[in-house]
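Chemist: Next one to model:
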Amino acid sequence: MPLLENGQILPDTWQVAAEGEPLPAGDVLVPLARLSEGLGRNSEGRLGVVLTSSDEVEDLRDVLPRLDVVLLTFPVFRDGRPFTQARTLREHLQFKGAIRAGGHILPDQYEFLLRCGVTAVVLPEGADPAVWQKAHEAFTVAYQPSILAEPAEGFAFRRRLL
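Modeler: Residues are numbered from 1 along each chain as shown. Predicted structure coming up:
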């Protein structure tokens, strides 16, 4: 499936490990249940993890420095837990790698995904990137804080410091 990153359609070079099959060589995304297997492999590739919306992001705290990508999956478009997972990865766990979003995502959610720290969206086959770009550009004012660097006048309010 193609990736939408920085307004560009890019080929996805990562392989997703299939359940019950050996891990492929190269860059591989593994489900959380197979993460220890992925960490113990002896191949030359990068490693990423696929999280479902019910997985706890905090479980990755100790292994995040060894991961290059985290793929957050939306089971349905109205399930907002992956938004929280992305913010937790960026703000609380200080994850610097790529965060992808996949599954049932609507173009209208694209801007909000970026504001939460997602760097790329796995688009369904045949998706029109112009629709996604238009949805991204439609929002000019935000009411919630973002992990993105923004000018001060871009906010309607700021989060209180704890």
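
Chemist: give me the number of residues near residue 96?
Modeler: When neighbours are defined as other C-beta atoms under 10 Å, residue 96 has 10 of them. Heads up, the C-betas are built off the backbone N, CA and C, glycines and all.

Chemist: so which strand or helix has it?
Modeler: Using DSSP states H and E, residue 96 maps to neither a helix nor a strand.

Chemist: how about low-confidence regions in the protein?
Modeler: Residues of the chain that meet the criterion pLDDT under 70 lie in 140-145, 148-162.

Chemist: What is the distance between the lengthiest helix in it and the centre of its chain?
Modeler: Ordering each helix of the chain by length in residues (DSSP state H) puts helix 129-137 first. Relative to its chain's centre, helix 129-137 lies at 18 Å (C-alpha atoms, centre = their mean, to the nearest Å).

Chemist: mind listing what's buried in that helix?
Modeler: Using 16 or more other C-beta atoms under 10 Å as the test for burial, helix 129-137 gives 132, 135-136.

Chemist: can you check stretch 58-69 too?
Modeler: Those would be 60, 64, 67, 69, for stretch 58-69 by 16+ other C-beta under 10 Å.
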